[in-house]
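[1] quick one: sequence plus predicted model below, questions after.
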Amino acid sequence: MPTDFETLAAGITIAGGFIGTGMAQSGIGAAGMGIIAEKREKLGIVLVFFVIPETLWILGLVFGIALLSGSL
């Protein structure tokens, strides 16, 4: 059973991953829409750059679960 400190650490880790993803995607999404408005052929590249920050919340979730399970 995890202690209160471990539970808090896992929550901060998971929340940090979500907040970081949102901050990164807000800037990328706004810039990406401007690029797509001018050059439609750049849609694939913009989509790749928009998806890359998704790894932040996935890593935050994985590390949070690892903290709760006691493997870290």
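    Sure thing, it's come through. Numbers count the residues shown, from 1 in each chain.

[2] tell me the mean pLDDT over the top helix by length along the chain?
    Longest helix in the chain, counting residues (DSSP state H): helix 4-38. Averaged across helix 4-38, pLDDT comes to 92.

[3] give the buried residues for that helix.
    Ala9, Ala10, Thr13, Ile14, Gly16, Gly17, Thr21, Ala24, Gln25, Ile28, Gly32 (16 or more other C-beta atoms under 10 Å). Where you see a C-beta, it was placed from the backbone N, CA and C, and this is true even at glycine.

[4] tell me, how many residues neighbour Leu61?
    Residues lying near Leu61 (other C-beta atoms under 10 Å) number 15.

[5] Phe18 against Gly60, yeah?
    Yes: with contacts counted by C-beta atoms under 8 Å, Phe18 reaches Gly60, the gap being 6.6 Å.

[6] check the gap between Gly27 and Asp4 for me.
    The spacing between Gly27 and Asp4, counted by C-beta to C-beta, to the nearest Å, is 35 Å.

[7] can you check Gly34 too?
    46 Å.

[8] again with Val46
    43 Å.

[9] picking up where we left off before, output the buried residues of helix 4-38 as a markdown table; include the columns distance to Leu56.
    Below are the buried residues of helix 4-38 laid out as a markdown table (distance: C-beta to C-beta, whole Å):
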| residue | distance to Leu56 |
| --- | --- |
| Ala9 | 17 |
| Ala10 | 16 |
| Thr13 | 11 |
| Ile14 | 11 |
| Gly16 | 9 |
| Gly17 | 5 |
| Thr21 | 4 |
| Ala24 | 7 |
| Gln25 | 9 |
| Ile28 | 12 |
| Gly32 | 17 |
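
[10] which one of those residues is nearest Ser69?
    Ala10 (9.4 Å; C-beta to C-beta).

[11] show me the contacts for the closest one.
    Contact analysis of Ala10 by C-beta atoms under 8 Å, 6 or more residues apart in numbering lists Pro2, Gly64, Ile65, Leu67, Leu68.

[12] no further queries at this time; thank you.
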